[in-house]
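Colleague: need a 3D model of the following:
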Amino acid sequence: MKGAPPTRHGQISDMQIIINCVDQRGREMDQCWGIGRLPMLVPFAWAERFHTQQKLFNAAVWAFDLCLIRQHGDAMLRAYDKLDGLAREIKGEPLPVDQWEFETEQGLVILVRDLRDTGRAQCHGRKAQVWSLDEIANVIRCHPMIASAKEAFPGAQVVSVRPSKVAIDELNDELSDIPF
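Modeller: Numbering: from 1, shown residues only. This next block holds a predicted model:
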């Protein structure tokens, strides 16, 4: 039936395609310019227009309105393109991110200086975990024994970290005491 109205499932599917396209463009811009940095690289007026459009798109998604999602989804793609073009005019090409790579038993790890650069790390098609220095600092904060060892033995190298027996025992508990 050519003239039949779209089903609810068809509308939801169409909405998801549009939302995925907008999300993908946002991820591409984050990878190119750094997470959330693109609006900061253009004149305020354009950043404000971008954020206004972003709010309209999000409102359309929450309203579950296919026509509005289509309209504001197209506008979001144009907004990303406009900001990208302006950033290239003003700042030139995005600078490559400083990154360091190393292998662990779990695979490739890429370390970057700034959390905003995690989306810009160059994996070159390889599967990798990307960590920022801020994330490494959080790991050290959460495990003060590591910092204590480095403090007690200046110049010492951390070569292995293992969870305590108590932590392992807690993870290997019996499920029989769950009341349901």
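
Colleague: show me where the protein has its strands.
Modeller: 99-104, 107-112, 128-132 (DSSP state E).

Colleague: indicate which one of the ones you listed is closest to residue 68.
Modeller: Across the strands of the chain, the minimum distance to residue 68, taken as Cβ to Cβ, is reached by strand 128-132, at 35.0 Å. Where you see a C-beta, it was placed from the backbone N, CA and C, and this is true even at glycine.

Colleague: and the closest one, what does it pack against?
Modeller: Packing partners of strand 128-132 (3 or more Cβ pairs under 8 Å, 6 or more residues apart in numbering; DSSP states H and E): strand 107-112.

Colleague: so for the strand it packs on, what gets flagged as buried?
Modeller: Of the residues in strand 107-112, 110, 111, 112 count as buried by neighbour count, 16 or more other Cβ atoms under 10 Å.

Colleague: sorry, back to before: and the strands of the chain: which comes nearest residue 54?
Modeller: Of the strands of the chain, nearest to residue 54 by Cβ to Cβ is strand 128-132, at 24.4 Å.

Colleague: that closest one: which residues count as buried?
Modeller: Neighbour-count burial for strand 128-132, counted by 16+ other Cβ under 10 Å, picks out 128, 130, 131, 132.

Colleague: OK, contacts around the third one?
Modeller: Residue 131 makes contacts with 109, 110, 111, 112, 118, as judged by Cβ atoms under 8 Å, 6 or more residues apart in numbering.

Colleague: need the strands of the chain in a markdown table (columns: distance to residue 174 and mean pLDDT).
Modeller: Below are these laid out as a markdown table (distance: least, Cβ to Cβ, whole Å; pLDDT from 0 to 100):
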| stretch | distance to residue 174 | mean pLDDT |
| --- | --- | --- |
| strand 99-104 | 32 | 86 |
| strand 107-112 | 32 | 87 |
| strand 128-132 | 32 | 91 |
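
Colleague: quick one: closest of those to residue 5.
Modeller: Going by Cβ to Cβ, the one of those nearest residue 5 is strand 128-132, 45.2 Å.

Colleague: what pairs with that closest one, parallel or antiparallel?
Modeller: Here strand 128-132 is paired, per DSSP bridges, with strand 107-112 (parallel).

Colleague: can you give the distance of the strand it pairs with from its chain's centre?
Modeller: 15 Å (Cα atoms, centre = their mean, to the nearest Å).

Colleague: hmm, who's touching it?
Modeller: 97-103, 118, 120-121, 123, 126-133, 136.
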